[in-house]
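Novice: with the sequence up front, the predicted model follows.
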Amino acid sequence: MHVEHHPLVRDFPDMREQLHSLRQSDRHFANLADSYEVLDKRICRIEDGVELLDDAALGALKQERVALKDDIARQLKRASGSCCGGCCG
């Protein structure tokens with residue numbers, strides 16, 4: 001079974017330049033993006049059967065991936081001058 005990766009450039013296609021720029025200028029953002037990509041690749045290996053992990057642990061990894069993506073999205077919005085989403089306003 002083919003499992004589709006969730007690369008950041010596919011999830012945020014209109015923010016490709018901001019992704020690149022923040023990776024170069026913001027160490028924290030670069031670490032978040034790198035962690036996201038490593039985790040996404042691991043999840044795909046598990047779903048492809050290359051790496052074994054029980055369903056509960058896989059679910060926890062997927063939740064971690066969502067949390068990382070949400071954090072990355074907030075930082076991208078903040079960098080583009082939009083609201084970061086934290087104030088609910």
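Specialist: Ah, there it is.
Novice: where is the longest helix in this protein?
Specialist: Residue-count comparison of every helix in the chain, with assignments taken from DSSP state H, identifies helix 55-79 as the longest.
Novice: what comes up buried for it?
Specialist: Applying a neighbour-count criterion of 16 or more other C-beta atoms under 10 Å, one finds 58, 62, 65, 68-69, 71-73, 75-77, 79 buried in helix 55-79. In short, each C-beta sits where N, CA and C put it, glycine included.
Novice: lowest pLDDT pick from those residues?
Specialist: Between these, the one the model trusts least by pLDDT is Ala79, at 88.
Novice: pretty sure that residue contacts Gln18?
Specialist: Yes. With contact taken as C-beta atoms under 8 Å, Ala79 and Gln18 are classed as touching, separated by 5.7 Å.
Novice: circling back to that earlier point, which residues touch the longest helix of the chain?
Specialist: Contact with helix 55-79 is made by 6, 8, 11-12, 15, 18-19, 21-22, 26, 29, 32-33, 35-36, 39-40, 42-43, 46-47, 53, 83-86, as judged by C-beta atoms under 8 Å, 6 or more residues apart in numbering.
Novice: repeat that with 10 Å
Specialist: Helix 55-79 is touched from outside by 6, 8, 11-12, 14-15, 18-19, 21-22, 25-26, 28-29, 32-33, 35-40, 42-43, 46-47, 51-54, 82-86, with contacts defined as C-beta atoms under 10 Å, 6 or more residues apart in numbering.
Novice: would you confirm that Val50 contacts Ile43?
Specialist: No. Counting by C-beta atoms under 10 Å, Val50 stays clear of Ile43, with 11.0 Å between them.
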